[in-house]
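A.B. asks: fold the stuff below for me.
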Amino acid sequence: MKQTFSLLIYFIALSTIFGQQKMNITFEARYELNFKEYKNQKPDFLKNTFILLGNEKESFFKNMSVYVKDSLLDYGKIRETGDIQKDFETFGKYVPDLPFTVFFKEGQIKFTNQIESNSYYYEEPIDFKWKITKELKNINGIKCIKATTTKWGRNWIAYYSPKHAMPFGPYKFNGLPGLIFEIYDEKKDYNFLIYKYKKRVSNNFITHQSSKSKKTSKIQYEKIRKQAAIHPYFLTNEKDAKLLRKGQQFLEEKEKNYNPIELTD
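C.D. replies: Residues are numbered from 1 along each chain as shown. Reported below is the predicted structural model:
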C-alpha cells in the first residue's frame, strides 16, 4: 500500500522540469512485474506494470503509471493548477512503487529514479553473459527460447523470441538475439512477463527525462536508495523515547528483510 507521505513527497517533485530528449519508436512492449522488495512484506508480492519503447538501436523503459501521467500532461488532459489539494488528488493516483526509468543505447545504461523529493541518475556500461539453451516455452502464442545468466547476486532465467529481433527486455536486461518476453530470478522475487506487444511508429517521441536529476555514481545511488527504503524520513525527528525504540526495531527489521532487485554490483 502506498503511504500518504510517499505520495506527498513525489507530488512535490512534480515541479521538476523535464528535458526534451527525443527518440524514434518502432515497437512497444508492456510488462507486468510481480516483486518482493521486502522478504516479509504483505501482501507477499506487489505488482507494477511497465512500458518498453524502442527501435533497433536504443530502448526506453518506464513505469506505466508515469507514462500515462506524462501522456495526459502532453495532451492537456491534466495539468498542475497550483492548488496543492487539487493537484495532489490529480497526480497522486499516478505514483508507482517503482518510478525508475532506464535508457539504453550502445551498451550504455542511463538509470534515473525519484527518491523522495530528489531525482538521481547514473550511467554504467552493462554486459550480460548469456547461456542460450534448447529449451522452448510458449508465451502468449509466441515460441520463446530459454537463456540464463547471473547478475547482481541473482541467477536469472529468461525467455526470448527470435521472431522479435530486438536485443532488449525489461529493466536493464539486453543482449539476447530477440526481445525478452519473460525473465525472473530463480527465487522468483522479481518476475517480468510481457502482456502486450505491437509495432508502433512514432518519430520524435519525448522521453520526459528529468533535466534536474542529480548525477551520481551507482555506488552512491545505492546508498541513498537503501537509506530511503529502510529509514523513512518521518521517523528522523521523533522525540518520544518509546516511539524511538519501536522505530529502531522497525528499521532493523526493514534492513534485515530488504530485498532489492540488485543484491550486489
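
A.B. asks: alpha carbons only for contacts and neighbour counts from here, please
C.D. replies: Will do.

A.B. asks: and stretch 168-178, what's buried?
C.D. replies: F168, G169, P170, Y171, K172, F173, N174, G175, L176, P177, G178 (16 or more other CA atoms under 10 Å).

A.B. asks: tell me the one among these nearest to G141.
C.D. replies: Relative to G141, the closest of those is G178; by CA to CA it sits at 15.6 Å.

A.B. asks: tell me how far that closest one lies from E56.
C.D. replies: Distance from G178 to E56, counting by CA to CA, to the nearest Å: 11 Å.

A.B. asks: repeat for F181
C.D. replies: Distance from F181 to E56, by CA to CA: 17 Å.

A.B. asks: looking at those two, which has the bigger crowd around it?
C.D. replies: Neighbours were counted for F181 and for E56 using other CA atoms under 10 Å; F181 has more, 29 against 14.

A.B. asks: which pLDDT value belongs to that one?
C.D. replies: Looking at F181, its pLDDT reads 99.

A.B. asks: repeat that for T16.
C.D. replies: pLDDT, T16: 48.

A.B. asks: got it, and Y38?
C.D. replies: So, for Y38, pLDDT stands at 86.

A.B. asks: could I get the full set of strands for the chain?
C.D. replies: 22-35, 46-54, 58-63, 101-105, 108-115, 118-125, 131-139, 142-151, 154-161, 179-185, 190-206, 214-215 (DSSP state E).

A.B. asks: adding distance to Q85, write the ones you listed out as CSV.
C.D. replies: Output for those, formatted as CSV (distance: least, CA to CA, whole Å):
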stretch, distance to Q85
strand 22-35, 31
strand 46-54, 26
strand 58-63, 24
strand 101-105, 27
strand 108-115, 21
strand 118-125, 21
strand 131-139, 44
strand 142-151, 43
strand 154-161, 43
strand 179-185, 40
strand 190-206, 28
strand 214-215, 28
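
A.B. asks: I'd like to know which of the ones you listed lies nearest to I261.
C.D. replies: Nearest to I261, of these and by CA to CA, is strand 190-206 at 6.8 Å.

A.B. asks: what lines up beside that closest one in the sheet?
C.D. replies: strand 22-35 (antiparallel), strand 179-185 (antiparallel) (DSSP bridges).

A.B. asks: quickly compare those strands and say which is most buried.
C.D. replies: Of these, the one with the most neighbours on average (mean count of other CA atoms under 10 Å) is strand 179-185, at a mean of 24.

A.B. asks: residue ranges with poor pLDDT in the stretch 1-150 of the chain?
C.D. replies: 1-20 (pLDDT under 70).

A.B. asks: kindly reformat the strands paired with strand 190-206 as TSV containing distance to Q108.
C.D. replies: Below are the strands paired with strand 190-206 laid out as TSV (distance: least, CA to CA, whole Å):
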stretch	distance to Q108
strand 22-35	16
strand 179-185	18
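
A.B. asks: which among the strands of the chain is found nearest to Y258?
C.D. replies: strand 22-35 (12.2 Å).

A.B. asks: using CSV, write down the CA coordinates of that closest one.
C.D. replies: Extracted in CSV, the C-alpha atoms of strand 22-35 (Å, rounded to 0.1, in the frame of the first residue of the first chain):
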residue,chain,number,x,y,z
LYS,A,22,13.5,12.5,-28.1
MET,A,23,13.8,9.1,-29.9
ASN,A,24,12.1,7.4,-32.8
ILE,A,25,9.9,4.4,-31.8
THR,A,26,9.3,1.3,-33.9
PHE,A,27,7.9,-1.0,-31.2
GLU,A,28,6.2,-1.1,-27.9
ALA,A,29,6.1,-3.9,-25.3
ARG,A,30,4.3,-3.9,-22.0
TYR,A,31,5.3,-5.9,-19.0
GLU,A,32,3.9,-6.9,-15.6
LEU,A,33,6.3,-7.1,-12.7
ASN,A,34,5.5,-9.2,-9.6
PHE,A,35,8.1,-8.4,-7.0
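
A.B. asks: which other residues reach that strand?
C.D. replies: 45-56, 170, 188-207 (CA atoms under 8 Å, 6 or more residues apart in numbering).
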